[in-house]
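Novice: Sequence and computational prediction follow.
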Amino acid sequence: MDLKQNYFELFQSEPGFDLDLSELANRYRELQKTAHPDRFVTGTDQEKRFSAQMTSRINEGYDTLKHPLKRAVYLLDQADVEIEHNPTLDPMFLMEQIELREEMEDIGEAGEDGLPRLDEFRSKGKAVLASLEAEFVKAYPASLPEAEQTVYKMQFIHKLLSEAKQLEERILDY
Amino acid sequence: MALLQITEPGQAVDPHEKKRAAGIDLGTTNSLIASYRGGELVTLPDHDGEHLLPSVVRYLADGGEEVGKLALANARKDSANTVSSAKRLMGRGVEDVRRLGEQLPNTFVVDSKGDDEAGMPLIEVVGGRQVSPVEVSASILKALAQRAEESLAGQLDGVVITVPAYFDDAQRQATKDAARLANLNVLRLLNEPTAAAVAYGLDSGAEGVVAIFDLGGGTFDISLLRLNQGVFEVLATGGDSALGGDDFDQAIAEWIITQAGYTDKISVQQFRGLMTEARAIKEQLSTAESVTVDIHEESLSFTGALSRADFDALIEPMIAKAIKACRRAVRDADVELTEIFSVVLVGGSTRVPAVVNAVGKYFECEPLNSIDPDRVVALGAAIQANVLVGNKSDDDMLLLDVLPLSLGLETIGGLAEKVIHRNTAIPVSKAQEFTTYKDGQSAMLIHVVQGERELVSDCRSLARFELRGIPPMVAGAAKIGVLFQVDADGLLSVSATELSTGIQAQVEVKPSYGLSEVEITTMLKASFEHAAQDVETRSITEARVDAVRVRDAVKNALVVDGKRLLTKEELKVIEAKITALDAVLDSKKSREIIEHMEALAKATDEFASRRMDDSVRSALSGRSLDEMES
């Protein structure tokens, strides 16, 4: 099968960060309807094998394009920019991160009384993420180093938000 | 009247003829089979008109077995040789069985043959015979299949079998093994809650979260599914493996004892009689407001009435327990109650009005219960079986499933490194690189585990295999690529390759608790012995059927796409292979037929691959590119 084809080509969509997610979902379903192993239950082994390979690829592609962060990383990868594991980040941003983390710790110490503040904290995080996504759209592909930096920041906020969710679970005790 | 036409066994039949497909609900207490009969979707009864088959098998001294009602009736007097609840033991290791086994009347032994470090738990029955839970389930499946084959007048072309959403790889594999042992062609394993949702047609059009509330005789399961474009994502499962309608019966029995002022010790016989009466009272209370109770069990006598309100009060603590489990599942799923647009009731105990009310009140919507809750899962499975087998070619239905539990590998320190996360859409394949820990390390143990926890010891061990012959290198220099592939049934296969040398190791993940390929073949052979069929004749017939199927599929493909996707030379090569295959079709050697069939398949690999690319490309051709812009 044509494995050189990238995910945007597979979904026949314009490569870029801005995607209509509901249209992407429609296309995902159309592709699945054609390629899914359920369509080849009575087929030959060969058909079953290719169907499984193609469906795996469609699933992987959909998963990548659906999530904003994965999509951004994938776009950089397509432009031959490799994501570093320990990137150097702008000190201002790091200072903000430390403050945000301290704020989250405070909330955690308040227990159940901290829940309303935690909600606020999470919406603030989501707003930051949205503005980072907008920055990425501006930077990609015109300025790849800038787009790369934005992705690192997105990763930070993502991690923060998932920790905030864990904190909520801990407060609610389950 | 036209004469009925019967094709010679093994010959291709008219492709427009309806195929026989069935859905099977292989339950802990009862099992069912459903199919389309005369165009109508029904569960299939036995000779006495009973639809439910008790999931019980009794092994007899003469080597025979009783399945279902008869086995259940004799269970009391021969409990050691009667196996019930085999489903709880499927795909389980010795440790799990030891824990569950304490509640069961059977004798368990550990099968220590082979090199598996964890042997397979077996049940010892009369005459020193040892049976595995997989064999017990196979007997139940056989009984159901026989029922269907009589009712549909012919062999089944394929079945869909349901499994609980939380079943792991080992349990799914064991279920599939049981079906193979019963000589059934499994089209797909389907999650029970998904089947229930399909029976209500929730897969078409609806989007949002549905709850499947499944209260059986002895178990309670709650599942939350997110429906989106035909994808059934399992958001959360929960429940109580020791809560069910039997508890309701017991509450009534205890009420009678109290009301009668009976203080003597209750005999086992008396208690059984009371439970039977209690069950009848419970069933009457589903429609009646009050029931007259007139009990005489040995020295215990009581005459009075039980009103529905009193009954509701008796079972209130149990219902509260179930609702509490629902609340936990909703929280696990991280959804709001308002997002849940529908609740499906499954299991006989959901006939109790107090249950319906409590569920409706908690989920703030009218529960769906128009389909018999005992049959709804089997019916949903039959709908999918009918689509999969190809009886409804224009049907839009496509169920997309997800991996129920994360898959990972053991790394240094007994930690589980997740390779594929739960709720990833399947089929899926994922490659991950690992490296050596010590200088000169020449072998690596690949330990595949399943579960959400961080420690390997808290996850389920699925398989271990070794990759040997890694060239000596400094620690961290070798690159071992491990490829996980999960098929549409959620079953895993793993292969590992040392990337610099290409040394490969591959395993079908047949967990320690499943059956090995050899064991299945041996068992199948044993079952054929009685059929008195020459093995070679059989394999020639099979090879011929397969070869014709492959050849016809290629021919059809050539008619449709041959000119468009192949060069003249490529076309010639394939046609030559078809001619070669045709020439050996009458051969008396199955090997020869198989070799030519494989040669044809190999010669058409590139063609098949191009066809797949082409069909996927044209699937979206109707859509314009700018639709994607937001």
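Specialist: That came through fine.
Novice: pLDDT below threshold where in the chain?
Specialist: Using chain A here. A:173-174 (pLDDT under 70).
Novice: please go with chain B instead
Specialist: B:1-16, B:100-103, B:111-119, B:205, B:229-230, B:393-396, B:504-536, B:622-630.
Novice: Go ahead and flag the most central residue of it.
Specialist: B:V163 (3.5 Å; Cα atoms, centre = their mean).
Novice: quick one, longest helix in the chain?
Specialist: All of this refers to chain A. In chain A, with assignment by DSSP state H, the single longest helix is helix A:144-172.
Novice: Chain B is the one I meant
Specialist: Under DSSP H, chain B gives helix B:308-333 as its longest helix.
Novice: ok, back up a step: and the longest helix of chain A, is it in reach of chain B?
Specialist: Yes - judged by Cβ under 8 Å from any Cβ of the partner chain, helix A:144-172 and chain B are in contact via A:L172. (C-beta placed from N, C-alpha, C; glycine too.)
Novice: what comes up buried for that helix?
Specialist: By neighbour count on 16 or more other Cβ atoms under 10 Å in any protein chain shown, the buried set for helix A:144-172 is A:147-158, A:160-161, A:164, A:167-168, A:171.
Novice: Packing partners of that helix?
Specialist: Counting contacts by 3 or more Cβ pairs under 8 Å, 6 or more residues apart in numbering or on different chains; DSSP states H and E, helix A:144-172 packs against helix A:68-78, helix A:91-109, helix A:115-139.
Novice: Identify the residues contacting the nearest residue to B:K142 once chain neighbours are set aside.
Specialist: Excluding its sequence neighbours, the residue lying closest to B:K142 (Cβ to Cβ, 6 or more residues apart in numbering or on different chains) is B:A182, at 4.5 Å. B:A182 sits next to B:138-139, B:141-142, B:145 when contact means Cβ atoms under 8 Å, 6 or more residues apart in numbering or on different chains.
Novice: try A:G114
Specialist: Counting by Cβ under 8 Å, 6+ apart, A:G114 has contacts A:106-108, A:171.
Novice: Look up how far A:Q166 lies from it.
Specialist: According to Cβ to Cβ, to the nearest Å, A:G114 and A:Q166 sit 14 Å apart.
Novice: Equivalent analysis for B:V449, please.
Specialist: Counting by Cβ to Cβ, the separation of B:V449 from A:Q166 is 22 Å.
Novice: Could you pull up the residues touching B:F607?
Specialist: B:F607 neighbours (Cβ under 8 Å, 6+ apart): B:557, B:561, B:565-566, B:570, B:574.
Novice: Flag every buried residue along the one helix or strand B:E149 maps to.
Specialist: B:E149 belongs to helix B:133-151 when assigned by DSSP states H and E. For helix B:133-151, the neighbour count (16+ other Cβ under 10 Å) marks B:133-145, B:147-148, B:151 as buried.
Novice: ok, the residues you listed vs B:F465, which is closest?
Specialist: Set against B:F465, the nearest of those by Cβ to Cβ is B:V134 (21.7 Å).
Novice: wait, the closest one sits on B:K176?
Specialist: No - contact status for B:V134 versus B:K176: not in contact, 9.5 Å apart, counting by Cβ atoms under 8 Å.
Novice: What helices and strands are in contact with whichever strand or helix holds B:A170?
Specialist: Per DSSP H and E: B:A170 is located in helix B:169-181. Contact partners of helix B:169-181 among helices and strands, from 3+ Cβ pairs under 8 Å, 6+ apart: helix B:133-151, strand B:158-163, strand B:186-191, strand B:460-467, helix B:517-529.
Novice: As PDB, could you dump the C-alpha coordinates of it?
Specialist: Listed next in PDB are the C-alpha coordinates belonging to helix B:169-181 (Å, rounded to 0.1, in the frame of the first residue of the first chain):
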ATOM      1  CA  ASP B 169      -7.100 -10.200  25.500                       C
ATOM      2  CA  ALA B 170      -6.800 -13.500  27.300                       C
ATOM      3  CA  GLN B 171     -10.600 -13.700  28.000                       C
ATOM      4  CA  ARG B 172     -11.400 -12.700  24.400                       C
ATOM      5  CA  GLN B 173      -8.900 -15.200  23.000                       C
ATOM      6  CA  ALA B 174     -10.300 -18.000  25.200                       C
ATOM      7  CA  THR B 175     -13.800 -17.200  23.900                       C
ATOM      8  CA  LYS B 176     -12.600 -17.400  20.300                       C
ATOM      9  CA  ASP B 177     -10.800 -20.700  21.100                       C
ATOM     10  CA  ALA B 178     -14.100 -22.100  22.400                       C
ATOM     11  CA  ALA B 179     -15.800 -21.200  19.200                       C
ATOM     12  CA  ARG B 180     -13.100 -22.800  17.100                       C
ATOM     13  CA  LEU B 181     -13.500 -25.900  19.200                       C
END
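Novice: could you check the angle strand B:186-191 makes with it?
Specialist: Here helix B:169-181 points in a direction 140 degrees away from that of strand B:186-191 (axes from the mean of the first three to the mean of the last three Cα atoms, to 10 degrees).
Novice: now the angle from helix B:169-181 to strand B:158-163?
Specialist: Using the same axes, to 10 degrees: helix B:169-181 against strand B:158-163 is 150 degrees.
Novice: quick revisit: out of the buried residues of helix B:133-151, which is nearest to B:V387?
Specialist: Closest to B:V387, out of all of the buried residues of helix B:133-151 and judged by Cβ to Cβ, is B:A148, at 17.5 Å.
Novice: Thought B:G23 was touching that closest one, still the case?
Specialist: No - checked against Cβ under 8 Å, the pair B:A148 and B:G23 is beyond contact range at 10.0 Å.
Novice: shared neighbours of these two, which are they?
Specialist: Shared contacts of B:A148 and B:G23, counting by Cβ under 8 Å, 6+ apart, come down to B:33, B:35.
Novice: Quick check: A:H85 is in a strand.
Specialist: No - under the criterion used here (DSSP: H, G, I helix; E, B strand; the rest coil), A:H85 is coil, not part of a strand.
Novice: For A:Q155, see how far away it is.
Specialist: Here A:H85 is placed at a distance of 10 Å from A:Q155 (Cβ to Cβ).
Novice: returning to that earlier point: would you list the helices and strands packed on helix B:169-181 in a markdown table and tack on distance to B:K361?
Specialist: Shown next, in a markdown table, are the helices and strands packed on helix B:169-181 (distance: least, Cβ to Cβ, whole Å):
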| stretch | distance to B:K361 |
| --- | --- |
| helix B:133-151 | 37 |
| strand B:158-163 | 28 |
| strand B:186-191 | 27 |
| strand B:460-467 | 37 |
| helix B:517-529 | 49 |
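Novice: and B:R611, which of these is closest to it?
Specialist: strand B:186-191 (22.4 Å).
Novice: Render the CA-only coordinates of the closest one in PDB, please.
Specialist: Presented in PDB, the C-alpha positions along strand B:186-191 are these (Å, rounded to 0.1, in the frame of the first residue of the first chain):
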ATOM      1  CA  VAL B 186     -16.500 -16.300  14.300                       C
ATOM      2  CA  LEU B 187     -17.300 -13.300  12.300                       C
ATOM      3  CA  ARG B 188     -16.600 -10.900  15.200                       C
ATOM      4  CA  LEU B 189     -16.500 -10.700  18.900                       C
ATOM      5  CA  LEU B 190     -18.900  -7.900  20.000                       C
ATOM      6  CA  ASN B 191     -19.100  -6.100  23.300                       C
END
